[in-house]
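Asks: okay, here's the prediction I keep looking at, along with the sequence it came from:
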Amino acid sequence: MQKRSIGILALSIAIFFSALPSSPIASAAKKKPIPATSPKPVWPPKGFKEIDGVYAKVPSSDELIGHLSARKSLQRFLAQCEEFACGAVFVAAERGCTWWEVNSTLRKVNPNTLTKDRIGTLVTYAKGTDSRELGTIFLVSEEPVDLGVSVGNIRVICHREKTNIPKTGNVYNRIPASDN
């Protein structure tokens, strides 16, 4: 009889503790499994401009900082952008791209007229992305960092040919002051 009482008492204690919300038994049963992979990005990407299945977006500074903190491989661009005027663009394509070409213009505020004078052009070549894969392309000029300098007029080209792929990087062409 005593063994039966101890068994009933042990069972009662187990049931009591499992009914408490903070008990390890109850919380273990309620935990949801952690997914093994990240959720798939939304397609088509929100806030991107689209032409013929090619998507592009100039990120805000907050979006770019968040992206840089998530992808350590992109942080090498930070040192370059502390020295040179930079821009960035997020890209994606419905069918993927073998390589990307980004054409942009650098402008600088003229203190006399308060207009933005064109001071250079920049062509950036970047590695390709798979279909529906988001990519980040940094546009790094050779123009020293200056609050009056901006990178704009960004045009993105998705190349799908597998020949004549250029070396990744940036080609900056400064416009002489007399040509502005």
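Replies: Looks like it came in fine.
Asks: what pLDDT does the spatially most central residue of the chain get?
Replies: Centroid check for the chain by C-alpha atoms, centre = their mean gives His67 as the closest residue, at 4.3 Å. Each residue has a pLDDT score; the one for His67 is 74.
Asks: and if you look at Trp43?
Replies: 87.
Asks: how close does it get to Glu50?
Replies: Distance, Trp43 to Glu50, using C-beta to C-beta, to the nearest Å: 11 Å. (Glycine included, C-beta is placed from N, CA and C.)
Asks: so Cys81 lies in a helix, does it not?
Replies: Yes. Assessed with DSSP: H, G, I helix; E, B strand; the rest coil, Cys81 lies in a helix.
Asks: so what's it closest to, chain neighbours aside?
Replies: Once flanking residues are discounted, Cys81 sits nearest to Val140: 6.7 Å by C-beta to C-beta, 6 or more residues apart in numbering.
Asks: report how many residues lie close to Gly66.
Replies: 12 (other C-beta atoms under 10 Å).
Asks: sticking with it, tell me its helix or strand.
Replies: helix 61-70 (DSSP states H and E).
Asks: so what does that helix touch, helix or strand wise?
Replies: strand 84-93 (3 or more C-beta pairs under 8 Å, 6 or more residues apart in numbering; DSSP states H and E).
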